[in-house]
Each structure stands twice: as structure tokens, then as C-alpha cells.
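S.K.: Structural data only, the sequence is not supplied:
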């Protein structure tokens, strides 16, 4: 019998985005010398107005705005005149083609960070959501407070073996705390929170997989689609072992999403909560090639051969 897969709805969020340019901007709103060939941009005045609106004060002064590269969303480091800093996230530019699971990244991140802040002691950023009232601020901007620290990606080559073990052990404990949170249904966050999640992990997994395959087909990616569907159908019964939907941040634990204190070299911040599902914790990328220290912190190590390993391969 052929495997039936159900494609989830195309949950396309249409944002009234204010298009922003790249580069770094000083108080004049013009690019600084580090980006002198970047055209004048409305970024600075819009962000200054937004920050004052969010904090309900006309005395808040933005000193500098820097666009951070390498993110799906438009991400800005906003430096304040008083020495403080904020991270500002806006939706992707309107002409960005999003994958199905990327449609509600900012909304998901805000809800998950709020959930973690309320239910754990983890060092996650604090989101401040702007409720747009129209005009130039008519975008669902999300601001999060800046967590001081350096990404593990920059520090890792200079850590001693014992320092890295401490980081991995701490990260394992953090993942354990996150994946201990449960939900009544399975699937992507906004569907679970709206009460339209899947009743079983197998159903949710097949839906997620089919979404990814459809995205690949749309973009003319050449992969063995029939073979993938065949092997998933062959081993799909193992997905039924997951009876409780756990919080799974797929990207958390990546070297760019773990922040270390510059002095102590210990974990001081966790990022990367826009790509989250409710299902099998083994689906998180952090378990791929995880160290013994990580599993010590996590509290258990899945068998190298067995159902958990097969689910991880799926």
C-alpha cells in the first residue's frame, strides 16, 4: 500500500515590511565610513522612532545601527547612547522566498523564548514585541535584549579540553531542561499552540517531511524523492514509540547559538529558537555527533544501534 502523506497548509504570514538596506548607520542616518558605498537608508530614523515607541520615551537615543549578516530575518545591532545595546529583528525582505517551515519564524521565536523564560532558568533573550499601530511602524518588529557573550564558534578553537567539556555538559543539561517541556499535540509551534497540531508524532513527522520534499521539488532540487518516501514508510512504525510531544529547538546548540562569557568561558546565553517543533527530542541537530560530556549533562545516551538511532537517521 503506498504511503499517504499529508501536506500541511501553506501558513504564509504576510508582513507589511519596511524594506531596509544593508550596512552600518550613525546618528545622521547616513552610512559610516565602513560602508560608504551603501546608499542612504531610512533604517536609522525608523529604528530610532521604533525604540522610543517601544520604551515610551522620547529621551531614548540610538547611537548606531549595524545590520548583521547571515540571518534569514533582518537583524540589527542597535547601540544606544547610554552604552547599552539591543538586537532588533524584523521579518525577511518582502521578496525573500521562504520555505514552508520558515513562514512564522519570528512569531515562533517570541513564543518559545517567552515559554522558556516562564518555565526554566535558562539564559535566553527577552523579547519585547512591538504591537504595530500603522504608519512607518506597521511591521511586526520584535526586539530582544542583547545578551553579552561571544559565540562558541569564535571561541571553540581556543578552549582547553576541560573548558569544552564544561560547555558541552552545560549544554546537555540545558537541552534536557528544554526537552522536558511537553505539549498536547505534535508538529510545528503555531499549529500546536492554535490547537491544530497532529495527534501522533508519526503523522506530524510525515507532514514535516512532505513539506521539506515539496519545497525541494518547487526549487528543482534533484534528490531521490521516491527512495526517501520508501525508507520512511519502511521504518515509520518506529516513530510511534514517541507518545509525548516534547519541545525540540532544531537549531539550538549550534556553534553560533551558544554564547560564552568572555572571562569564565562558560555558557551565558542561548539563541536559535525560531526553528522549533514539538515531537521527538532526537530530531534536534545538537544530538548529531554529541560528545560524552554533552550526554553526561543531558542525563542519558541513546543506543548507537536501535530504534532511537533509526529515528535519528530518519
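M.R.: Noted; the coordinates are in hand. As the structure is a prediction and not an experimental result, all values here were calculated from the model.
S.K.: Tell me which stretches of the stretch 51-200 of the chain form helices.
M.R.: 105-119, 152-155, 161-179, 189-193 (DSSP state H, counting those that start in this stretch).
S.K.: Report the buried residues of stretch 258-273.
M.R.: Residues of stretch 258-273 classed as buried by neighbour count (16 or more other CB atoms under 10 Å): 258, 259, 260, 265, 267, 268, 269, 270, 271, 272, 273. For glycine as for every other residue, the C-beta is placed from the backbone atoms N, C-alpha and C.
S.K.: now, the most widely separated pair of these?
M.R.: 265 and 273 (23.3 Å; CB to CB).
S.K.: Look up how far residue 155 lies from residue 228.
M.R.: Counting by CB to CB, to the nearest Å, the gap from residue 228 to residue 155 is 37 Å.
S.K.: These two: who's more crowded?
M.R.: residue 155 (20 against 15; other CB atoms under 10 Å).
S.K.: Thought residue 265 was touching the more buried one, still the case?
M.R.: Yes. Residue 155 lies in contact with residue 265 (CB atoms under 8 Å); the separation is 6.9 Å.
S.K.: show me the contacts for residue 293.
M.R.: Neighbouring residues of residue 293 by CB atoms under 8 Å, 6 or more residues apart in numbering: 164, 165, 166, 168, 169, 172.
S.K.: tell me the contacts of the fourth one?
M.R.: If a contact means CB under 8 Å, 6+ apart, then residue 168 has 290, 291, 293, 294, 297 as its contacts.
S.K.: Can you tell me, leaving aside adjacent residues, what's nearest to residue 121?
M.R.: residue 177 (7.9 Å; CB to CB, 6 or more residues apart in numbering).
S.K.: follow-up on the earlier one: nearest to residue 116 among the buried residues of stretch 258-273?
M.R.: Closest to residue 116, out of all of the buried residues of stretch 258-273 and judged by CB to CB, is residue 273, at 7.4 Å.
S.K.: who touches that closest one in this structure?
M.R.: 108, 109, 112, 113, 116, 124, 249, 252.
S.K.: Looking at the helices of the stretch 51-200 of the chain, which is nearest to residue 305?
M.R.: helix 161-179 (21.4 Å).
S.K.: what's near enough to touch residue 311?
M.R.: Residue 311 neighbours (CB under 8 Å, 6+ apart): 238, 239, 241, 242, 280, 282, 283.
S.K.: Ok, residue 102 next?
M.R.: So residue 102 contacts 72, 275 (CB under 8 Å, 6+ apart).
S.K.: can you offset everything so residue one is 298?
M.R.: With 298 as the first residue, the last one maps to residue 399.
S.K.: how close does it get to residue 345?
M.R.: When residue 399 is compared with residue 345 (using CB to CB), they lie 29 Å apart.
S.K.: swap in residue 419?
M.R.: 32 Å.
S.K.: Please apply the same query to residue 547.
M.R.: Counting by CB to CB, the gap from residue 547 to residue 345 is 35 Å.
S.K.: go on, residue 467?
M.R.: For residue 467, the distance to residue 345 - CB to CB - is 38 Å.
S.K.: per-domain residue ranges of the protein.
M.R.: As assigned by automatic domain parsing, the chain contains the domains 321-442, 447-610.
S.K.: distance between the ends of stretch 376-384?
M.R.: 9 Å (CA to CA, to the nearest Å).
S.K.: mind checking how far it is from the chain centre?
M.R.: Averaging C-alpha positions (CA atoms, centre = their mean, to the nearest Å) puts stretch 376-384 23 Å from its chain's average.
S.K.: circling back: can you put the buried residues of stretch 555-570 in a markdown table and add secondary structure, pLDDT and distance to residue 366?
M.R.: Shown next, in a markdown table, are those (DSSP: H, G, I helix; E, B strand; the rest coil; pLDDT from 0 to 100; distance: CB to CB, whole Å):
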| residue | secondary structure | pLDDT | distance to residue 366 |
| --- | --- | --- | --- |
| 555 | strand | 93 | 19 |
| 556 | strand | 92 | 18 |
| 557 | strand | 95 | 21 |
| 562 | coil | 94 | 26 |
| 564 | strand | 95 | 24 |
| 565 | strand | 93 | 23 |
| 566 | strand | 91 | 20 |
| 567 | strand | 92 | 21 |
| 568 | coil | 87 | 16 |
| 569 | coil | 84 | 16 |
| 570 | coil | 89 | 20 |
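S.K.: which one of those is nearest residue 388?
M.R.: residue 570 (16.2 Å).
S.K.: how near is that closest one to residue 602?
M.R.: Distance from residue 570 to residue 602, by CB to CB: 32 Å.
S.K.: likewise residue 397?
M.R.: From residue 397 over to residue 602 (counting by CB to CB), the distance is 33 Å.
S.K.: With neighbour numbers in mind, choose between those two.
M.R.: residue 397 (20 against 8).
S.K.: I'm done for today, thanks for sticking with me.
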